[in-house]
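Asks: Predicted model and sequence follow; I will ask about them next.
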Amino acid sequence: MLSYTKRAQYTENKTAKKLFLLMDEKHTNLCLSADVTSKQSLLQLADTIGPEICIFKTHIDIVEDFDQELIVQLQQLSEKHNFLIFEDRKFADIGNTVTHQYQGGIYHIAGWADITNAHILPGPGIIEGLREVGMKQQRGLLLLAEMSSAGSMATGAYTTKAVALGEEYNDFVIGFISQQKLSENPRMIHMTPGVKMNNTDETLGQRYNTPQYIIGEKGSDVIIVGRGIYEAHDPLEAAQAYKKAGWEAYSNRLRVIKI
Ligand code: 5BU
């Protein structure tokens, strides 16, 4: 198995390269899913948890007092703490529409989000539309190959197709949202939501697994954790525990597979 740093050599995409390198540098494969609804709480999370994470994931359209100042400050924090920003937009429309949704509107996502993601339901045109906008700024796209929720229809042939499309557009597609490693290509990064340590209860269809299972057994690269951290009594302490668990699982896998 290759380290994140070695895998950086397999991609020309600047965002993917940066991510691989910063993960090894910061010893973290933790992505915080900051699903909070005010500017202040979003920025506070970015500043407090920033040192522990490789990626800060947003749902920018749930922030009730959104303004451009939020973006400026978020970008400053991403530089201060060295993390990437991932807007979990889950684009799902035809190519022409997604170009507008990605670069325009109120949010101008392409202007600040290093990474975003898309469903493959509409076919390759969605990737081509996003790519037209994103490649100019060296952004990266993740394809939704699988979902964590109960009854998800992204399975079987759909998942296989997502992986094939990822390969076809691998200058812009940097990996997948999935529940496991799906591609043997070292340039492809797998990120997995539905991660929680002490609680596997299902809420509104969400299904949880542990960092050890996702990284250690399923071969994913990045754990995405939301409520397990920001709803914890002490979010920083929780983030440190997730960071440690994710990193240990990765280090063990590296060691075992090298022998
Ligand atoms: P949680 O609080 O750790 O359950 O949050 C999970 C986050 O990941 C949340 O922002 C979801 O929108 C996101 N998510 C997910 O839970 N499952 C999926 O399959 C995908 C995204 Br894709």
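Replies: Yes, it's here. Residues are numbered from 1 along each chain as shown.
Asks: helix, strand or coil for H100?
Replies: On the three-state scheme (DSSP: H, G, I helix; E, B strand; the rest coil), H100 is labelled helix.
Asks: Got the confidence number for it?
Replies: With respect to pLDDT, H100 scores 98.
Asks: list the contacts for it?
Replies: H100 makes no contacts at all, as judged by CB atoms under 8 Å, 6 or more residues apart in numbering. All C-beta atoms are positioned from the backbone trio N, CA, C, and that covers glycine.
Asks: Ok, I189 next?
Replies: I189 neighbours (CB under 8 Å, 6+ apart): A16, L19, F20, L142, I174, G175, F176, D221, V222.
Asks: which of the residues in the helix or strand hosting the fifth one are buried?
Replies: Spelled out, it's I174. Here I174, judged by DSSP states H and E, is contained in strand 173-177. Using 16 or more other CB atoms under 10 Å as the test for burial, strand 173-177 gives V173, I174, G175, F176, I177.
Asks: Any part of it near the ligand?
Replies: Yes: using CB under 6 Å from any ligand atom, strand 173-177 reaches the ligand at I177.
Asks: In the stretch 51-200 of the chain, where is pLDDT below threshold?
Replies: Along the stretch 51-200 of the chain, the model assigns pLDDT under 70 to residues 199-200.
Asks: who in it is up against the ligand?
Replies: Taking CB under 6 Å from any ligand atom as the test, the list of the stretch 51-200 of the chain residues beside the ligand reads H59, D88, L144, M147, S148, S149, I177, P193, G194.
Asks: what's the closest non-adjacent residue to the residue in the stretch 151-259 of the chain that the ligand sits nearest to?
Replies: Proximity to the ligand, evaluated over the stretch 151-259 of the chain using CB to the nearest ligand atom, is greatest for G226 at 2.6 Å. Sequence neighbours aside, S33 is the residue nearest to G226 in space, at 3.4 Å (criterion: CB to CB, 6 or more residues apart in numbering).
Asks: now P193
Replies: Nearest one to P193, counting by CB to CB, 6+ apart, is I224 at 4.0 Å.
Asks: Bridge partners for that neighbour, pull those for me.
Replies: Counting by DSSP bridges, I224 forms beta bridges with C31.
Asks: I'd say it and H190 touch.
Replies: No: I224 is beyond contact range of H190, at 10.7 Å (criterion: CB atoms under 8 Å).
Asks: Around the residue in the stretch 1-150 of the chain that the ligand sits nearest to, how many other residues sit close by?
Replies: For the stretch 1-150 of the chain and the ligand, the shortest gap (CB to the nearest ligand atom) falls at M147, measuring 3.3 Å. Counted by other CB atoms under 10 Å, the residues lying close to M147 total 22.
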